[in-house]
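**Q** Below is the sequence, then the predicted model.
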Amino acid sequence: MSKRVMAILLMSALAFSLACGCKNNDTESTSSTASKTESSLSSNKESSKQNESKTESSKQSESSTDKDYEEMMSYVNKLSPELTDEQVHEIMGKPDEEFGSGINYEVYKFGRYTVKIINFNSCVIICDSETGETTKIY
């Protein structure tokens, strides 16, 4: 029984010292918590400003991408397999790249989109450089 009493007394003393220690640390921790809260708020404001900036730049990027797509489609919609080489060049203008022997490729770039005309008017493909998607027009 004396061992039990000793254990209870030791545990009580430990609990009491921990409780007293917490009270002394509470004033210190309150001031450090306040400064941590202030720094957290300022970092949240900074990250919020950065997020707004990123959102605005992505909106501008999407806007320019939409314009690129619309411009590209205004040209592509005029193309057809019946057109001659000269007519294709009148619609599309000078290609940004040309390559191939036997099978000729003409490449027209519109922002993230690329129009590839293979053998002039036998095949038209649109490539999206961001997603890697390709769309065959004809």
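**A** Received, thanks.
**Q** can you pull the pLDDT of Ser43?
**A** Listed pLDDT for Ser43 reads 57.
**Q** and what of Gln60?
**A** 49.
**Q** The one 10 residues further on now?
**A** At Glu70, the model reports a pLDDT of 91.
**Q** Next, count neighbours for it.
**A** By other Cβ atoms under 10 Å, 10 other residues sit near Glu70. Every residue, glycine included, has its C-beta placed from N, CA and C.
**Q** Helix or strand next in line after the helix or strand that contains it, which one?
**A** For Glu70, the host element (DSSP states H and E) is helix 2-76. For helix 2-76, the succeeding helix or strand toward the C-terminus, using DSSP H and E, is helix 85-92.
**Q** Quick check: next helix or strand after that next one?
**A** Next along the chain after helix 85-92, taking DSSP H and E as the criterion, comes strand 97-99.
**Q** in the next helix or strand after that next one, what's buried?
**A** Toward the C-terminus, strand 97-99 is succeeded by strand 105-110 as the next helix or strand (DSSP H and E). Under the neighbour-count criterion of 16 or more other Cβ atoms under 10 Å, strand 105-110 has Tyr105, Glu106, Tyr108, Phe110 buried.
**Q** Quickly name whichever of those is closest to Glu98.
**A** Glu106 (5.5 Å; Cβ to Cβ).
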